[in-house]
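Q: The following comprises the amino acid sequence and a computationally predicted model.
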Amino acid sequence: MASTYSSTMTPTIIDLRQSFTHDAKRQKIHQDVYPSPPHCVGVNNTSASSDVDVVPLDLVLENPEAPWDSADSDSPDDMTDVTSLTDEAHLHDEHHHHHTHHRDSTSSTSSGSSNNNMEQESAGTAPEEASSSEGFDLPKMILSSLKPVVEGAPKTIPTMVLYDDYGLQLFDQITYLQEYYLTQEEIEILERDADKIVDHIPDNSVVVELGAGSLRKTVLLLNALERKRKNIRYYALDLMLDELTKSLKSLGQFANVKTAGLWGTYDQGLAFVSSFGSDVPKTLLWLGSSIGNLNRKEAQDFIASYRKTLNVGDNWIIGIDRRNDAQEITVAYNDPKGVTRDFIMNGLDHINVLLGQDFIDRQKFRYFAQYNVEIGRHEAYYQVKEAHELVYTTPSTGEEVRIALAQDELINVEYSYKWSLQESTQLFEDTEMTKVGQWTSASNRYDLHLVQKTPFYFKTLVADKPLPSQDEWTELWKSWDLVTMTMIQHPAMLLEKPIALRHPFLFYLGHIPTFLDIQLSRVLKEPFTEPSHFSVIFERGIDPDVEDPTQCHSHSEVPDTWPEVETIIAFRDRVRERLFKVLNDPVSYPMTRRLARMMFMAFEHEAMHLETIIYMLAQSPNTVPPPSIPAPWAVRKSAADDSSSSGATMSPSTISPATWFSINPAQLDKDLLSLGHNDLEADDLTDAHKNDLKTPFGWDNEHPLVTSRSPPSAFEIQSRQVTNNEFLGYLRSIGVTGKALQGNEKTPASWLVRDGGEVFVKSVYGPVPLEVSGVWPVSCSNIQATGYASWLSSQQSTTFTLPTEHELSIAFKLRQATVPKTGLETYGFRQWYPTLSHSSLSTTSSSSTSSYFSGPGGLWDWTSTTFAPLDKEGFKTSTLYPGYSTDFFDEKHMVVLGASWATHPRIAERRSLRNWYQANYPFVFAGFRLVRRA
């Protein structure tokens, strides 16, 4: 018998059909047996052909622990049963969705086609075997779907009937048709971007394809993995043994990629994927817009089910066809040559084979197809030409089943859902899968999305839900604990002060729960959580004058000895319990606007300090990188690989010059010109507002809404922030180079300059060479940014400056109003380093030229505006947090707007929010872009 991962032309197929049942216990497969697959009994399946080894999977399985914690239980017992996603009335869809897998003839998975099967592109189970141990009876399904239990319900036919041998041949022809753009455009993406895509797949990992089909497209990814010499175990999941065997044989031999087939259903594949332990990185492939076979809710449930099998850092590559032009979609599913029509009509002939009698006459039906624009779904039907009756004779009893058909009646055989970019973005948001990459065909009709399971997930801001939910608190605490309990080494780093102007790390571990506890006690008029003296030493941190650190606002007393970290952690947990008690007991703690405001403030306060700790960690040489989130530029090769391979991808980083985005504020709507918003804290206690839980909250410096300020003159703003390479070019131009960069006041504190003058950018992954980080935005002080603007002005005889707060606010608002979110925004920890925004999309309006303008993210944006009240008469100091703003109206702090990669979406997406730092403070995650005016 061939080895499980034989590279010969005799592929090995692992039989999952009996290996994983709903009653089976599951056991993790750990690195001590990896990269070998689960133990396979060495006995060939007698039903298999002689040119394939079919081995049953012999596993004694137990429940794995949840990879993170009980709040996100990923144990298989908690998994949604994939086969239960549809109700009995849609059994034909259920079996297509979850017992068929992708067939794109020669394509790794066919480009998604029609709803149930053409999209899946693998007929799944050979229809003639449909009554076997897979647990469904296709002939029975055919009859029950044509005679629904609910009288008057639409008749349907299972999509699986389309996939007999001749149907597969016809579908193979479809995928080569010019009109059927899905396959061609997915191939286009893979031929162009496969190398970039597989950069995200770790070395020594498992790749499982859901519904493998012909592997015509998958081979492009496998070839890219082979080129990069990554050791990969690739499993192709399908329920059609002959086609799976044929497809695997077509792959040929690889030196590093080892292949095997998985003979089973989606839910059996679900169990298989869950059997790998946390030490085995995984990537799922779901190509060909197979997702189109599921309606919106089913797609969400399906992704959520498989998400539970993934560990932090695992990837999923999903192909999705967009809501394209209705005529293009219609022709794709009803081509002029009639191949699709023949494919659909052949299903009726196959029904007769399955039932063993002349049950249905295809001459009495026609193919009817339409694209439902409102739903975003292509629909394929058999249309009855003339009224007649279908008669089925039960073989065992001779009893007749009669089914009346009316003239022009439509019998659905498949659906294919299409997804707008906004819909797919929302899908990943709802399933808490972080999008880390998107590759789009040249026509913008088809996308490959790369999503990842991350250790926590921050939902985007919902304007009419200003009160953070319990789930949002849970995710915030996951992030806080990951950073403070794993990236800060205990106890070695707890008293470390990587930034002299800040407290040691330990202070923040006590400050965050203490602030929350103090606010709860003040609003609820309850005593502090013990130990109550924490309210004295942990209430407020420090922000001393950079030039004279002896000058500082009022702050908590600094103890001679800080409390033990164990005591602080126990206190933290009691405060968290206290908060949840309030949230879960509306009778004892009715939610008022004042109580909700306090929770809003405590939530954003914690999120802000999370970012503070992150930029402190970037300055420390002792920081532990985020667990299970490796640096994407690292080449993850095994020790067995040749020693000449470097530890990082060192291709020189380049980026196109920034373009200029033209804005004429005089032509814009007044809402885009406004600053701040109306949210007077004192109104919380009035009868008119005390129960208002929908009006957005803001900090005191955001009030009031200012609409009377004269708009700025027309200006142009750079499309993106200035990069490290560009800033280094400026320093070299003025003679600051080599060793002169060390300790120079013009050198950003975000840089590490080695003795030889080599520049690295500091990160939570350690120093990153400019070959990688050169295209990142430069993090620097306001004074350093102003120096760059002055230098560029002298070079080009044009006046460049930092934007004012009003100018930058207008630019960000204009972008937010015209460019939808894509899920690739560079804030909210979607990546752990300051890349330029992935979503720098082309924006056009009556007041702007067509240009690329990146929104908030990567780094905050410095402005030239001194931090002060928006309106001196309208400003009212917060009574809940009196010193939040007023202590910094000192002519030394400058406004920053936007967000960094470590900013929570609730902060990043609220356009009224104002942040501020001292102009000469060099450590904050803040960069800059320039403006020029007529």
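A: Ah, there it is. Numbers count the residues shown, from 1 in each chain.
Q: list the buried ones in the helix or strand hosting residue 244?
A: Using DSSP states H and E, residue 244 falls within helix 241-249. Under the neighbour-count criterion of 16 or more other CB atoms under 10 Å, helix 241-249 has 241, 243-245, 247-248 buried. C-beta here means a position set from N, CA and C on the backbone, and glycine is covered the same way.
Q: which strands and helices sit next to that helix?
A: Contact here means 3 or more CB pairs under 8 Å, 6 or more residues apart in numbering; DSSP states H and E; on that basis helix 241-249 packs against strand 12-15, strand 232-238, strand 257-263.
Q: what comes into contact with stretch 357-375?
A: The contact list for stretch 357-375, computed with CB atoms under 8 Å, 6 or more residues apart in numbering, reads 326, 329-330, 333-334, 340-341, 344-345, 348-349, 351-352, 377-386, 388, 390-393, 410-411, 417.
Q: any low-confidence regions in the stretch 1-150 of the chain?
A: 1-9, 19-51, 57-136 (pLDDT under 70).
Q: same thing but 50
A: Flagging of the stretch 1-150 of the chain using pLDDT under 50 yields the residue ranges 1-8, 21-48, 59-134.
Q: Next: the stretch 551-700 of the chain.
A: Ranges of the stretch 551-700 of the chain meeting pLDDT under 50: 553, 635-652.
Q: for it, what spans make up the strands?
A: Ranges of strands in the stretch 551-700 of the chain, per DSSP state E, counting those that start in this stretch, are 660-663.
Q: The closest residue to residue 463 other than its chain neighbours: how many residues sit nearby?
A: Spatial nearest neighbour of residue 463, excluding adjacent residues (CB to CB, 6 or more residues apart in numbering): residue 696 at 6.0 Å. The number of residues packed near residue 696 is 17, by other CB atoms under 10 Å.
Q: what's the answer for residue 669, then?
A: Residue 669, neighbours per other CB under 10 Å, totals 11.
Q: likewise residue 490?
A: 15.
Q: And residue 678, by the same measure?
A: 15.
Q: Spit out the contact partners of the residue nearest to it when sequence neighbours are not counted.
A: Closest residue to residue 678 apart from its sequence neighbours, by CB to CB, 6+ apart: residue 705 at 4.6 Å. Neighbour list for residue 705: 674-678 [criterion: CB under 8 Å, 6+ apart].
Q: Write the ChimeraX selection for whichever of the residues you listed are buried.
A: Buried residues within the contacts of residue 705, by 16+ other CB under 10 Å, are selected in ChimeraX with:
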select :674,675,676,677
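Q: Next, format the contacts of residue 705 as JSON lines and append distance to residue 499.
A: Output for these, formatted as JSON lines (distance: CB to CB, whole Å):
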{"residue": "674", "distance to residue 499": "36"}
{"residue": "675", "distance to residue 499": "31"}
{"residue": "676", "distance to residue 499": "30"}
{"residue": "677", "distance to residue 499": "32"}
{"residue": "678", "distance to residue 499": "36"}
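Q: Determine which two of the contacts of residue 705 are furthest apart.
A: 675 and 678 (11.6 Å; CB to CB).
Q: Outline the domain layout of this protein.
A: Residue ranges for the domains of the chain, per automatic domain parsing: 12-87+180-324+422-452, 112-176+328-417, 470-619, 660-719+780-933.
Q: ok, and for the longest helix anywhere in the chain, which residues are buried?
A: Secondary structure assigned by DSSP state H gives helix 593-619 as the longest helix of the chain. Residues of helix 593-619 classed as buried: 593-607, 609-619 (neighbour count, 16+ other CB under 10 Å).
Q: Output the contacting helices and strands for it.
A: helix 470-482, helix 505-524, helix 905-908.
Q: What mean pLDDT does the helix or strand following the longest one get?
A: It stands for helix 505-524. For helix 505-524, the following helix or strand on the C-terminal side (DSSP H and E) is helix 534-537. Confidence for helix 534-537, expressed as mean pLDDT, is 92.
Q: packing partners for helix 534-537?
A: Against helix 534-537 (3+ CB pairs under 8 Å, 6+ apart) you get helix 505-524.
Q: since we're on residue 408, how many residues are nearby?
A: 12.
Q: For it, pull up the helix or strand it's in.
A: Counting by DSSP H and E, residue 408 is found in no helix or strand.
Q: one step back: OK, contacts around the residue nearest to residue 463?
A: Here residue 696 is in contact with 463-464, 466, 677, 679, 910, 912 (criterion: CB under 8 Å, 6+ apart).
Q: Please indicate which of these are buried?
A: Counted by 16+ other CB under 10 Å, those give 466, 677, 679, 910, 912 as buried.
Q: now, which of those residues sits nearest residue 314?
A: Once CB to CB is applied, the member of the buried ones among the contacts of residue 696 that ends up nearest residue 314 is residue 910, at 31.7 Å.
Q: so what's the closest one closest to, chain neighbours aside?
A: Nearest non-adjacent residue to residue 910 (CB to CB, 6+ apart): residue 461, at 6.2 Å.
Q: what about that neighbour, distance to residue 829?
A: 15 Å (CB to CB, to the nearest Å).
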